[in-house]
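Trainee: sequence first, then the predicted structure, then my questions.
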Amino acid sequence: MDHVDEWSALADAWARWWAPAAAPAQQAILDAASVGPGSRVLDVGCGTGELVAMALSRGADAAGCDAAAGMIDVARRVGPDADLRVAQAERLPWPDDAFDLVTLVNALAFTDVAMTLSECRRVSELVAVATWAEDDLNDLTVLERAVAGEDHEPSDESREEGHLGALLAEHGFTVVTEGVADAPMVLADAHEVVAAIMFGESDELRAELRPDVLAAARPFRRPDGTYLLRNAFRWALARR
């Protein structure tokens, strides 16, 4: 099974645990681009379709693409009125100037950046990118370290302030604005903590690492038994 098939198989779990995490950044991008009735929006690497659904709720004409067919299947349930296609970011199946805004949320790093941004430039006036902020702004990092142990890789400069804007400028775009969006994650109980943080892992590994994960999560447990993880996304909006 290749990585695209793996993402397809995990689509429902992704929609449950991780897709909602990006919502604040997605809302910030749509606000910054003044998306509303009549706006034409394409979400590249749309996953299970949450940004597409947001754009539709604002009255926009929305489209999305993802390389994983299973992700698109779920996206069609949340955005039945959108133009959703299985496609690679480097070869967008839409004509020139088909959109007013193209978005890539936690997607650009999985593509050939130059080819993808060239395609975005071809089909849209505006492009927006977003990614998780650096480790220091994400409580999730504490839990990721508990799972990965010595194999944990700390965040690099690609997640630091100013990087996304500089990347877009490097590829010929003019940066309009950049921002950081708080993205808190609330998990109902210990079961949800383990299920979310160990998304995609085997039942055996989940059981083995459960004590370590819950020990790491203890500082984020609230009196009512829920867990609050304070996280953040960085985003940038640019014009071609």
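Mentor: Received, thanks.
Trainee: quick one: list the elements packing against the lowest-mean-pLDDT helix or strand in the chain.
Mentor: Among the helices and strands of the chain, helix 3-9 carries the lowest confidence by mean pLDDT, DSSP states H and E, at a mean of 76. For helix 3-9, the packing partners by 3 or more Cβ pairs under 8 Å, 6 or more residues apart in numbering; DSSP states H and E come out as helix 69-78. Placement of C-beta: from N, CA and C, glycine included.
Trainee: mind listing what's buried in the helix it packs on?
Mentor: By 16 or more other Cβ atoms under 10 Å, the buried positions in helix 69-78 come out as 70-76, 78.
Trainee: C-terminal to that helix, what's the next element?
Mentor: Going down the chain from helix 69-78, the next helix or strand is strand 83-86, by DSSP states H and E.
Trainee: for this structure, what's the longest helix?
Mentor: Longest helix of the chain, by residue count under DSSP state H: helix 203-217.
Trainee: distance of the residue nearest to Arg239 when sequence neighbours are not counted from Glu125?
Mentor: If the residues on either side of it in the chain are set aside, Arg239 comes closest to Thr174, at 5.0 Å by Cβ to Cβ, 6 or more residues apart in numbering. Separation of Thr174 from Glu125 (Cβ to Cβ, to the nearest Å): 11 Å.
Trainee: repeat that for Asp224.
Mentor: 46 Å.
Trainee: same question for Ala55.
Mentor: For Ala55 relative to Glu125 (Cβ to Cβ), the value is 16 Å.
Trainee: go on, Met185?
Mentor: Going from Met185 to Glu125 by Cβ to Cβ gives 33 Å.
Trainee: neighbour count: those two, which is higher?
Mentor: Met185 (21 against 14; other Cβ atoms under 10 Å).
Trainee: tell me which residues touch that one, please.
Mentor: Residues near Met185 by Cβ atoms under 8 Å, 6 or more residues apart in numbering: 20-21, 140, 196, 228-229, 231.
Trainee: name the next helix or strand downstream of the longest helix of the chain, please.
Mentor: Immediately after helix 203-217, counting by DSSP H and E, sits strand 227-229.
Trainee: elements contacting that following strand?
Mentor: strand 185-187.
Trainee: the following helix or strand past the strand it packs on vs helix 203-217, what angle?
Mentor: On the C-terminal side of strand 185-187, the nearest following helix or strand under DSSP H and E is helix 190-197. Angle of helix 190-197 versus helix 203-217, following axes from the mean of the first three to the mean of the last three Cα atoms, to 10 degrees, is 110 degrees.
Trainee: still on that earlier bit, hmm, who's touching the helix or strand that the least confident helix or strand of the chain is followed by?
Mentor: Next helix or strand after helix 3-9 toward the C-terminus (DSSP H and E): helix 11-17. By Cβ under 8 Å, 6+ apart, the surrounding residues in contact with helix 11-17 are 7, 47-48, 50, 68, 70-71, 73-74, 78, 195-196, 199-200.
Trainee: do that again at 6 Å, thanks
Mentor: 48, 70-71, 74, 196, 199 (Cβ atoms under 6 Å, 6 or more residues apart in numbering).
Trainee: about what we covered before: could you identify the buried members of the contacts of Met185?
Mentor: Buried among those by 16+ other Cβ under 10 Å: 21, 140, 196, 229, 231.
Trainee: what about this protein, any weak spots by pLDDT?
Mentor: For the chain, the stretches with pLDDT under 70 are 1-3.
Trainee: for stretch 89-97, which positions count as buried?
Mentor: 89-90, 92, 94.
Trainee: whoops, stretch 30-37 was the one
Mentor: So, applying 16+ other Cβ under 10 Å, buried residues of stretch 30-37: 30, 32-33, 35.
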